[in-house]
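Asker: just need the structure, nothing else, for what follows:
(2 chains)
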Amino acid sequence: MNAEEKQLVEWLSDMNEDDALALAKRMLFEDKKDPLRVLELCRDAMDIVGKRFEEGEYFLPELVLAGEMLETIGALAKPLVKHAPGEEAKKLGKVLIGTVHGDLHDIGKNIVSFMLDINGFEVRDIGIDVPVDKFIAEISAYQPDVVALSGFLTLAFDSMKETIAAFEQKGMRDKFKIMIGGGQIDETVRAYTHADAFGVNAVEAVNLCKGWMGVAA
Amino acid sequence: MSAATATPDAKAAYDQRWQRILDCVALKQPDRMPVVLYATFWLAKYGNVSCRQLMYDYEMAREISERAVLEFDPEAYGPLFLNTASGRPLEAIGSKQIEWPGHGVGDHQPYQYLDREYMKPEEYDDFIFDPTGYYLHTYLPRVAKAFEGFEDLPIFPGLHYFRLIAGMRSFAKPSVRAALENVIKAAEEIDRFVGHHVAFTERMTSLGYPCTNGVTAIAPYDFIADYFRGARGMMTDIYRRREKLLELLDKCSIFLLKQAVAMAKASGNPVVFIPIHWAPDAYMSDKQFRELWWPSCRKMLIGIIDAGLIPMPLWEADCTKRLEIIRDVPPGKCIYWFERTDMVKAHEVLGDVVALRGNLSVSLMTTGTPQQVDAAVKHLVDKVWAKGGKLILDASIGLPDEAPVANVRAMFDAARRYAG
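Answerer: The predicted structure is shown next:
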């Protein structure tokens, strides 16, 4: 990694948005740097952000700001990437995520979605207040490795339980792992809903998925 | 607190119940551990009606609320009617921030707030310079249909002499006339709604039961995060617009305090409930909390105390790491209600400063058994109340909507069995 590359990683991971975006633009449009290399540097920065989050130095504002910086650079870099057929970056796994029926909350779900995305997972976010039948139809079509059920209200406990029970009835329960998350979710709720795991934040969600996909967290 | 009681016995019972709460606030041990009944849509489960019925039928909401208070015999009850029966007022103002039964959610679902960006990042200066003008011209029409048309109101500051006459012409515009008619219609419905609340409160007073709090206020940071910038906007503003955010927080702390004190004094109840959303350990760093969140909130808490009132923040989620910081209030003046913070730890850190309220967990109350609820109450009694903690027992955020009635009975029975 040369000095300029190191600088980009440092500015991104230190939340220095203005300087980081200006440097990324210069690398992409003036220096004609390989856009895949710039995206790789973004992932390096995100690894640092994730570590700082786990160590208790960073919190939600940093995850969200880092996510927005990466989205901005990604939108600039991706049109510049020239793919040979079949040359798409290999994803770690497929995650289908949605807020269970009856619940309209999406702040946590959205943070988990983009954290999974920037950590190399293919994510399909099917929104809020998702009926059981829609989960089943989407899962059948998408064939995810992990299904993530989100919910903030206490009514989500029963919605999650009902949704997971429906997966069992359809004979699809063993085809993917299920994680749940949201403001009130704890081990008691995990046991009640029969999910495989719960997470209290987006980094835990990423680590759960990496663990299930056999990737070092 | 006014106590327009029907009989001397009821007045004595009212006074005795309320004194237990006041003793806790003053850090004196009352004769028994107070237990409060705070609920929103748990009342639908209790009354075996839909959320929609509870939201729209004023008489039904009052009847079910009264039945619950009489069955559980708490030291105080939350504003049960106000918390639930707001369907007609929401419809009257045409709320765009809330979805409620028949308006975005089903009949058996509670109302839900929509986290959105209700204030654009470039509008900080407008809000800071002239909060009232910003409300009238921008915010109110954006968040409630009844106010659509207020965009066409005149810009009031600057009107003078003959400009005053010209400025008033705006009131002849069809858009402004329609808005004013809608607002008056909404106000009439809200007057009926509040009238029922007052009648319910007076009825409960006559039966000997005080209400936990008169009004609800909000911490400045949460006010901006929840109702203006939205979660994502606020989290990025911490970095992108830090100085503007601090300036606005400072300004908000002044008018939010003024409003809370005026409303609490009008209500006759000294307790000011402040649900706290953005303080949890997981949301921001200690440094951010100390610099961005706590100063404006503390300013409000002190202002409320100085006005002779009792702030009752509900510290949502887990705020264990904040305990040492939020200890910085005068002793014997506040009730700190905790959701998921370890109450034993809260007692250790704050026991000599504030009364504590809570905190049987939502998952336990919803999915546990009456025996497990009994054990959880005993744990709090043994580890907090019996150790001298001024504990007001409640579920962690009031009763969860889905809590089985048997678990609520277990909560009250255990409280009386183990602590008076």
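Asker: now the strands for the stretch 51-200 of chain B?
Answerer: Along the stretch 51-200 of chain B, counting by DSSP state E, counting those that start in this stretch, strands occupy B:76-77, B:98-101, B:104-105, B:112-113.
Asker: A:G120 falls within a helix, correct?
Answerer: No - going by DSSP: H, G, I helix; E, B strand; the rest coil, the assignment for A:G120 is coil, not a helix.
Asker: from chain B, how far off is the nearest residue to it once chain neighbours are set aside?
Answerer: Nearest residue to A:G120 in three dimensions, chain neighbours excluded: A:L92, at 4.5 Å (CB to CB, 6 or more residues apart in numbering or on different chains). Any C-beta I mention is one placed from the backbone N, CA and C, and that applies to glycine too. Look at A:L92 and chain B: by CB to the nearest CB, to the nearest Å, they are 25 Å apart.
Asker: same question, A:I126
Answerer: Taken as CB to the nearest CB, the span from A:I126 to chain B is 18 Å.
Asker: doesn't the residue nearest to A:G120 belong to a strand?
Answerer: No - under three-state DSSP, A:L92 sits outside any strand and is assigned coil.
Asker: for chain B, which residues are neighbours of chain A?
Answerer: B:99, B:104-106, B:109-110, B:112, B:114-115, B:231-232, B:235-236, B:238-240, B:282-285, B:288, B:317, B:361-364, B:366-368, B:400-402 (CB under 8 Å from any CB of the partner chain).
Asker: list the helices and strands whichever strand or helix holds A:N110 packs on?
Answerer: Following DSSP states H and E, one finds A:N110 within helix A:107-118. On a contact count with 3 or more CB pairs under 8 Å, 6 or more residues apart in numbering or on different chains; DSSP states H and E, helix A:107-118 meets helix A:35-54, helix A:60-77, strand A:94-99, strand A:122-125, strand A:146-150, helix A:202-212, helix B:230-240.
Asker: follow-up on the earlier one: go ahead and confirm the residue nearest to A:G120 touches A:D117.
Answerer: No - using CB atoms under 8 Å, A:L92 is not in contact with A:D117, being 10.8 Å away.
Asker: re the thing from before, now do the contacts for the residue nearest to A:G120.
Answerer: A:N119, A:G120, A:F121, A:C209, A:K210, A:M213, A:V215 (CB atoms under 8 Å, 6 or more residues apart in numbering or on different chains).
Asker: would you mind splitting chain A into its domains for me?
Answerer: In terms of domains, chain A is parsed into A:3-80, A:94-212 (source: automatic domain parsing).
Asker: out of those, which comes closest to B:P141?
Answerer: Nearest to B:P141 among these is domain A:94-212; the distance by CB to CB comes to 22.9 Å.
Asker: which residues sit in contact with B:D152?
Answerer: B:D152 touches B:S170, B:K173, B:S175, B:V176, counting by CB under 8 Å, 6+ apart.
Asker: if we can go back for a sec, with mean pLDDT and mean neighbour count added, can I get the strands of the stretch 51-200 of chain B in TSV?
Answerer: What follows is those, written out as TSV (pLDDT from 0 to 100; neighbours: other CB atoms under 10 Å in any protein chain shown):
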stretch	mean pLDDT	mean neighbour count
strand B:76-77	98	24
strand B:98-101	96	20
strand B:104-105	93	17
strand B:112-113	95	17
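Asker: filter the residues of chain B next to chain A to the buried ones?
Answerer: Neighbour-count burial (16 or more other CB atoms under 10 Å in any protein chain shown) applied to these gives B:99, B:105, B:109-110, B:112, B:115, B:231-232, B:235-236, B:238-240, B:283-285, B:288, B:317, B:361-364, B:366-368, B:400-402.
Asker: lowest confidence element among the helices and strands of chain A?
Answerer: When each helix and strand of chain A is scored by mean pLDDT, DSSP states H and E, helix A:107-118 comes last, with a mean of 88.
Asker: what's the burial count for residue 66?
Answerer: Since no chain was named, I'll use chain A. A count of neighbours around A:A66, defined by other CB atoms under 10 Å in any protein chain shown, yields 27.
Asker: looking at chain B here, not the other one
Answerer: B:E66: 18 neighbours (other CB under 10 Å).
Asker: B:T201 is in contact with that one, correct?
Answerer: No - contact criterion CB under 8 Å: B:E66 and B:T201 do not qualify, at 11.0 Å.
Asker: next SSE after the longest helix along chain B?
Answerer: Counting by DSSP state H, the longest helix found in chain B is helix B:174-206. Using DSSP H and E, the helix or strand that directly follows helix B:174-206 along the chain is strand B:215-216.
Asker: and the helix or strand following that next one, what does it pack onto?
Answerer: Later in the chain than strand B:215-216, the nearest helix or strand by DSSP H and E is helix B:220-224. Identification of packing neighbours for helix B:220-224 by 3+ CB pairs under 8 Å, 6+ apart yields helix B:242-267, helix B:294-306.
Asker: looking at these, which is buried most?
Answerer: helix B:294-306 (a mean of 20; mean count of other CB atoms under 10 Å in any protein chain shown).
Asker: which other residues reach that one?
Answerer: B:217, B:219-221, B:249-250, B:252-253, B:256-257, B:260-261, B:264, B:272, B:274, B:276, B:279, B:310-311, B:313, B:322, B:325-326, B:328-330, B:333-334.
Asker: the same query, at a cut-off of 6 Å, please.
Answerer: B:A219, B:P220, B:L249, B:S253, B:L257, B:V272, B:P311, B:I325, B:V329, B:K333 (CB atoms under 6 Å, 6 or more residues apart in numbering or on different chains).
Asker: and it, C-alpha only, in CSV?
Answerer: C-alpha atoms of helix B:294-306 as CSV (Å, rounded to 0.1, in the frame of the first residue of the first chain):
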residue,chain,number,x,y,z
TRP,B,294,-26.0,15.2,28.2
PRO,B,295,-25.5,19.0,28.5
SER,B,296,-28.8,20.1,27.0
CYS,B,297,-30.7,17.3,28.8
ARG,B,298,-29.1,18.2,32.1
LYS,B,299,-30.0,21.8,31.6
MET,B,300,-33.6,20.8,31.2
LEU,B,301,-33.6,18.5,34.2
ILE,B,302,-32.1,21.2,36.4
GLY,B,303,-34.7,23.8,35.0
ILE,B,304,-37.5,21.4,35.8
ILE,B,305,-36.2,20.8,39.3
ASP,B,306,-35.7,24.6,39.8
